[in-house]
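Colleague: Give me a model of this one.
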Amino acid sequence: MFWSKKAKPTLEGMELAAQCQAEAEGLYRSGKYHCAEAVLETVRRHFAADVPESIVCAASGFGGGSSAGCICGAVSGGTIALGMVLADKKESTHLTKELHTWFKEKYGVTCCKIIRKNHKGACPVLTGEVAGKIAEMLGRK
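Modeller: Here you go, the predicted structure:
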């Protein structure tokens, strides 16, 4: 089963997306989590609470563009989160592609170095936005 981009999120889903956005941004700003970890932890809490918190360690190498400045850590963490929540590889792949497309439309690229150069100080905000987008996508029926 694929989620439709045209399906409208419910009011409840929009509220959850806003809550996830604020929560992920707050986790990032706390200094305890970097971008990938904050997205993964937020999605875990709201969509896969039965998954141990230790799974967030799976994203530890993705912060700062995998420490090399390449793909945005928030997008990487979001990709892991989608795979964690969805049992179907096709669904996960479909939504991952949607996430990347949405992010590129919003920021122009998924490269961490370029984002940080062109959007200075945006990392906490975009971390929240990615978590909110994932919540919105998962909330569509």
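Colleague: Which secondary structure elements does the lowest-mean-pLDDT helix or strand in the chain sit against?
Modeller: Least confident helix or strand, the chain: helix 63-64 with a mean of 84, by mean pLDDT, DSSP states H and E. Packing partners of helix 63-64 (3 or more Cβ pairs under 8 Å, 6 or more residues apart in numbering; DSSP states H and E): helix 35-47. Bear in mind the C-beta positions are built from the backbone N, C-alpha and C, glycine included.
Colleague: follow-up on the earlier one: C-terminal to the least confident helix or strand of the chain, which secondary structure element comes first?
Modeller: Using DSSP states H and E, the helix or strand that follows helix 63-64 in sequence is helix 73-85.
Colleague: Remind me what that next one packs against, helices and strands.
Modeller: With contacts defined as 3+ Cβ pairs under 8 Å, 6+ apart, helix 73-85 has these neighbours: helix 35-47, helix 89-107, helix 123-139.
Colleague: Now tell me what touches that helix from outside.
Modeller: Residues outside helix 73-85 that contact it (Cβ atoms under 8 Å, 6 or more residues apart in numbering) are 34-40, 43-44, 47-48, 51, 55, 58-59, 62-66, 92, 95-96, 99-100, 103, 110, 112, 123, 126-127, 129-131, 133-134, 137-138.
Colleague: And it, how far out from the chain middle?
Modeller: In this view, helix 73-85 has its centroid 6 Å away from the chain centroid, taken as Cα atoms, centre = their mean, to the nearest Å.
Colleague: before we move on, what about stretch 127-141?
Modeller: 7 Å.
Colleague: swap in stretch 81-98?
Modeller: Its chain's C-alpha centre and that of stretch 81-98 lie 12 Å apart, by Cα atoms, centre = their mean.
Colleague: tell me which residues of that stretch are tucked away?
Modeller: Buried residues in stretch 81-98, defined by neighbour count with 16 or more other Cβ atoms under 10 Å: 81-86, 91-92, 94-96, 98.
Colleague: Having no further points to raise, I will conclude here.
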